[in-house]
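Q: Give the three-dimensional model of this entry:
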Amino acid sequence: MIQESSFRLQIFGETLEIDRVAYYSHHALVDEADAARDALADGTAAGMKISLRPIDGIPWVIDAPEALEAAGRATVITQPWNLRGLSEHSGFARLPNRLGNQRSVEG
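A: Residues are numbered from 1 along each chain as shown. A predicted model of the protein is given here:
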């Protein structure tokens, strides 16, 4: 999971700003994985840039941690934008944490 203290997104010519966001991918790949792993082990990773990208056509999940905490939830349940003129990501329906895709846990 990656967190940013300031997040901006342009939608329909308007800027959406959120104070703090967290985002992650269910299936991601680091192109420079070996170099990053070595740098972390050696203590030389400060300032290193890597390419992190989702694979398998699954989109990034973005949430506002304060809103999640205020709702008393620990798990992000993704929901569509439902904005006219804005298409959902083609892999949205396959997200494991999409509203309606969760498996019920018994016991």
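Q: so what's residue 11 up against?
A: 83, 86 (CB atoms under 8 Å, 6 or more residues apart in numbering). Every C-beta, even on glycine, is put in place using the N, C-alpha and C of the backbone.
Q: Please read off the pLDDT at it from the model.
A: We have a pLDDT of 88 for residue 11.
Q: What's opposite it in the beta bridge?
A: Judged by DSSP bridges, the bridge partners of residue 11 are residue 14.
Q: start the count at 45, not 1, going forward
A: Done: numbering now begins at 45, and the last item shifts to residue 55.
Q: Residue 71 versus that one, what's the distance?
A: As defined by CB to CB, to the nearest Å, residue 55 lies at a distance of 25 Å from residue 71.
Q: One more: residue 120?
A: 16 Å.
Q: which one of those two has more residues nearby?
A: Set side by side, residue 120 and residue 71 show more neighbours around residue 120, with 17 against 12, by other CB atoms under 10 Å.
Q: CA atoms of stretch 81-94 as CSV?
A: Taking C-alpha atoms only, stretch 81-94 is exported to CSV below (Å, rounded to 0.1, in the frame of the first residue of the first chain):
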residue,chain,number,x,y,z
ARG,A,81,15.1,-5.9,-2.8
ASP,A,82,18.9,-5.6,-2.8
ALA,A,83,18.8,-1.9,-2.0
LEU,A,84,16.3,-2.5,0.9
ALA,A,85,18.5,-5.2,2.3
ASP,A,86,21.7,-3.1,2.0
GLY,A,87,20.0,0.0,3.5
THR,A,88,20.6,2.0,0.3
ALA,A,89,17.0,2.3,-1.0
ALA,A,90,16.4,5.9,0.1
GLY,A,91,15.5,8.0,-2.9
MET,A,92,15.4,5.0,-5.2
LYS,A,93,12.7,5.2,-7.9
ILE,A,94,10.9,2.1,-9.0
